[in-house]
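Novice: Sequence first, predicted coordinates after that:
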Amino acid sequence: MVDGGMSRRRGNEEISDLGSPFIIINIANGVAQMVTTLLFFVYEQFSQMGQAVSI
């Protein structure tokens with residue numbers, strides 16, 4: 001969450017230089033990174049649960 005806020009702030013500073021399309025790309029990258037991290041975390045949790053059940 002803190003990381004996403006930082007990248008969003010950086011994107012806002014770049015408005016005058018690059019224009020709005022790059023901000024959209026920045027936000028999309030941040031969201032994709034967050035989703036990937038969440039999916040990986042959930043996968044780790046389930047794999048640990050699976051090991052515990054199999055034992």
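Specialist: Thanks, I have the structure now. Numbering: from 1, shown residues only.

Novice: Tell me where the model's unsure across the chain.
Specialist: 1-19, 54-55 (pLDDT under 70).

Novice: Would you map the helices across it?
Specialist: All helices of the chain, identified by DSSP state H, fall at 2-13, 15-18, 20-54.

Novice: count of residues packed around Gln33?
Specialist: Under the neighbour criterion other C-beta atoms under 10 Å, Gln33 is assigned a count of 13. Bear in mind the C-beta positions are built from the backbone N, C-alpha and C, glycine included.

Novice: again with Phe41
Specialist: Residue neighbour count, defined by other C-beta under 10 Å, stands at 10 for Phe41.

Novice: do Met34 as well
Specialist: Residue crowding around Met34 was assessed by other C-beta under 10 Å; the count is 13.

Novice: quick one: it from Gly50, how far?
Specialist: Computed with C-beta to C-beta, to the nearest Å, the distance linking Met34 and Gly50 is 25 Å.

Novice: and if you look at Ser20?
Specialist: Relative to Gly50, Ser20 is positioned 45 Å away (C-beta to C-beta).

Novice: Equivalent analysis for Ile24, please.
Specialist: In this structure, Ile24 and Gly50 are 38 Å apart, going by C-beta to C-beta.

Novice: For stretch 22-37, buried residues please.
Specialist: Of the residues in stretch 22-37, those scored as buried under the neighbour-count criterion (16 or more other C-beta atoms under 10 Å) are 23, 26, 30.

Novice: Dump that stretch to PDB, keeping only the CA atoms.
Specialist: The C-alpha trace of stretch 22-37 is given here as PDB (Å, rounded to 0.1, in the frame of the first residue of the first chain):
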ATOM      1  CA  PHE A  22       2.100   7.700 -18.800                       C
ATOM      2  CA  ILE A  23       0.200   8.200 -15.600                       C
ATOM      3  CA  ILE A  24      -2.300   5.600 -16.600                       C
ATOM      4  CA  ILE A  25       0.500   3.200 -17.400                       C
ATOM      5  CA  ASN A  26       2.200   4.000 -14.000                       C
ATOM      6  CA  ILE A  27      -1.100   3.200 -12.100                       C
ATOM      7  CA  ALA A  28      -1.700   0.100 -14.200                       C
ATOM      8  CA  ASN A  29       1.800  -1.100 -13.400                       C
ATOM      9  CA  GLY A  30       1.300  -0.500  -9.700                       C
ATOM     10  CA  VAL A  31      -2.000  -2.400  -9.700                       C
ATOM     11  CA  ALA A  32      -0.500  -5.300 -11.600                       C
ATOM     12  CA  GLN A  33       2.400  -5.500  -9.200                       C
ATOM     13  CA  MET A  34       0.000  -5.400  -6.200                       C
ATOM     14  CA  VAL A  35      -2.200  -8.200  -7.700                       C
ATOM     15  CA  THR A  36       0.900 -10.300  -8.500                       C
ATOM     16  CA  THR A  37       2.200  -9.900  -4.900                       C
END
